[in-house]
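Peer 1: Sequence plus predicted model, see below.
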Amino acid sequence: QVQLGESGGGLVQAGGSLRLSCTTSGLTFSTYAMGWFRQAPGKERELVARRSWGGSVTQYAESVKGRFTISRDTAKNTVLLQMNSLIPEDTGVYYCAVGPSLARLDYWGQGTQVTVSS
């Protein structure tokens, strides 16, 4: 059974940083694509960043380019999202997702809340 668990969310002031982690278990494939999404109150879920296993394809939402970095820690089976220079518009529930390809991020975590105060 595939399980994903996010952590690292919280309350931070504008200009601050957070690092989100997503631990994975139960995956039947050794390499996978990964992504982070977020959903702000009253808005639809949107892509924040996604990355192929080797990193040859990495994509970011325009609103986070230059501030967020998606990466992985293979030894810990963890997907990371480093978020710097946070702004109130980054507030939302952040979800990680993994899957066999960028177009098939089939497995999702439960989400972690990020709140950025002004």
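Peer 2: Okay, I see it. Not measured: the values here are computed from a predicted model.
Peer 1: Where does the residue most central in space within the chain sit, in terms of helix or strand?
Peer 2: The centroid of the chain falls nearest to W36 when counting by C-alpha atoms, centre = their mean (2.8 Å). Element membership of W36 [criterion: DSSP states H and E] is strand 33-39.
Peer 1: Surely the residue nearest to the centre of the chain touches L81?
Peer 2: Yes - with contact defined as C-beta atoms under 8 Å, W36 counts as touching L81 (4.7 Å). Placement of C-beta: from N, CA and C, glycine included.
Peer 1: list the residues that contact both of those two?
Peer 2: 20, 22, 48-49, 68, 70, 94, 96 (C-beta atoms under 8 Å, 6 or more residues apart in numbering).
Peer 1: Turn those residues into a markdown table, including distance to T58.
Peer 2: What follows is these, written out as a markdown table (distance: C-beta to C-beta, whole Å):
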| residue | distance to T58 |
| --- | --- |
| L20 | 16 |
| C22 | 16 |
| V48 | 12 |
| A49 | 7 |
| F68 | 11 |
| I70 | 7 |
| Y94 | 17 |
| C96 | 15 |
